Structure formats: C-alpha cells, structure tokens
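Asker: Model the structure of this input:
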Amino acid sequence: MRIEEKVSQALEQVGNDRYILSVAVGQRADELSKGVKPLLDNNEIKNMKYTDIAIKEIATGVLKIDNLQEIN
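Answerer: Purely as a prediction, here's the structure:
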C-alpha cells in the first residue's frame, strides 16, 4: 500500500482533520522511538519509519484516537 493511501485511510479515521492526524502521528512516533511496542505485526513493519508505523496503526484502526469532537 502506498503512503498516500495510508494517509487517506488515516484521515478518515480522524474525521478528515489533518491537524489531529499530524498531532496523533507525532505523539505515537515519539512513543515508538522511546521503545513502546508497535500494535502491528513485526513482519508488517519491518524497515518502516516510526511515522509510517503510526500512520498505518491509525489507518488500519488498531490505534484509536479518542476525544474527537465535531465543533459546529
């Protein structure tokens, strides 16, 4: 799967809010860099960067972003 497709799927998971997605990916990538175990199978993420792993976790729905609110 290409990164553009993963980003598109991840955006759908966060209500198409690019800001929320960027913050979530940044925080998750930071956690991964500090040794937190990825939520994906090791074979899936072999040689992937932390940001790519975070995007894929969000896109596939294994990492949920809570407290999303729609403001009218």
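
Asker: Pull the contacting residues for residue 63.
Answerer: 24, 28, 39, 54, 57 (Cβ atoms under 8 Å, 6 or more residues apart in numbering). Backbone N, C-alpha and C define where each C-beta goes, glycine included.

Asker: quick check: mean pLDDT across the one helix or strand the first one maps to?
Answerer: In the assignment (DSSP states H and E), residue 24 maps to helix 18-33. Over the span of helix 18-33, the pLDDT mean works out to 95.

Asker: Provide the contact partners of it at residue level.
Answerer: So helix 18-33 is contacted by 7, 10-11, 14, 38, 49-51, 53-55, 57-58, 63, 65, 68 (Cβ under 8 Å, 6+ apart).

Asker: Quick check: buried residues in it?
Answerer: Across helix 18-33, burial judged by 16 or more other Cβ atoms under 10 Å covers 20, 21, 24, 25, 28, 29, 32.

Asker: repeat for stretch 8-17
Answerer: Buried, per 16+ other Cβ under 10 Å, within stretch 8-17: 9, 10, 11, 13, 14.

Asker: next one: stretch 31-42
Answerer: Neighbour-count burial for stretch 31-42 flags 32, 38, 39 (criterion: 16+ other Cβ under 10 Å).

Asker: middle-most residue in this structure, spatially?
Answerer: residue 55 (2.9 Å; Cα atoms, centre = their mean).

Asker: any chance you could map the helices in the protein?
Answerer: Counting by DSSP state H, the chain has helices at residues 3-13, 18-33, 50-60.

Asker: hang on, the earlier thing: so which of the buried residues of stretch 8-17 comes closest to residue 2?
Answerer: Proximity of those to residue 2 (Cβ to Cβ) peaks at residue 9, which lies at 10.9 Å.

Asker: confidence score at that closest one?
Answerer: Reported pLDDT for residue 9: 95.

Asker: contacting residues for it?
Answerer: Going by Cβ under 8 Å, 6+ apart, residue 9 touches 59, 60.

Asker: how close does it get to residue 50?
Answerer: 18 Å (Cβ to Cβ, to the nearest Å).

Asker: Also residue 33?
Answerer: 5 Å.

Asker: Residue 62 too?
Answerer: 15 Å.
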